[in-house]
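[1] Coordinates only, no sequence provided:
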């Protein structure tokens, strides 16, 4: 059971860990984050709709993972050569709980 201080840290300071769906595609070269979800089962249930949308947009080589982690800094990360960071961006989060 969480203490009120623990809930305060999670809710107001951004230390909350939630379930996120990570989807990577090779064409375009992107990483997408969908969530937050309350459970792994919820993310798994909704995963198909996100995949279907990406397929309709022509995305190729779609890979998914569900992880419990802090909120990502970015919801969409692309690896475009016109990036001010030399073409590649770093992951939004490490994926570590």
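    Received it, and whenever you're ready, just let me know what you need. Everything numeric here is computed off the predicted structure, so don't read it as measured data. Numbers count the residues shown, from 1 in each chain.
[2] avg pLDDT for stretch 19-30?
    Taken as a whole, stretch 19-30 carries a mean pLDDT of 96.
[3] Mind jotting down where the strands sit in the chain?
    18-26, 29-37, 63-69, 76-78 (DSSP state E).
[4] The last one - what's its average pLDDT?
    To tie it back to what came earlier, the one meant is strand 76-78. 93.
[5] Going forward, the N-terminal residue is numbered 662.
    Sure, I'll start counting at 662 from here, so that last one is strand 737-739.
[6] Which single helix of this protein contains the most residues?
    Ranked by residue count, the top helix of the chain under DSSP state H comes out as helix 701-717.
[7] how about low-confidence regions in the protein?
    Along the chain, segments meeting pLDDT under 70 span 662-676, 741-758.
[8] Outside of stretch 685-704 itself, list whatever touches it.
    If you take C-beta atoms under 8 Å, 6 or more residues apart in numbering as the criterion, stretch 685-704 is touched by 677, 679-684, 707, 711, 715, 719-725, 727, 729, 732-733, 735-740, 752-753. Any C-beta I mention is one placed from the backbone N, CA and C, and that applies to glycine too.
[9] try it again with 7 Å
    679-684, 711, 715, 720-724, 727, 732-733, 736-740, 753 (C-beta atoms under 7 Å, 6 or more residues apart in numbering).
[10] ok, back up a step: in a markdown table, list the strands of the chain along with mean neighbour count.
    Below are the strands of the chain laid out as a markdown table (neighbours: other C-beta atoms under 10 Å):
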| stretch | mean neighbour count |
| --- | --- |
| strand 679-687 | 18 |
| strand 690-698 | 19 |
| strand 724-730 | 16 |
| strand 737-739 | 15 |
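[11] measure the nearest residue in space to residue 694 that is not next to it in sequence to residue 716 for me?
    Closest residue in space to residue 694, ignoring its immediate chain neighbours: residue 733 at 4.5 Å, by C-beta to C-beta, 6 or more residues apart in numbering. Applying C-beta to C-beta, to the nearest Å, the value for residue 733 to residue 716 is 22 Å.
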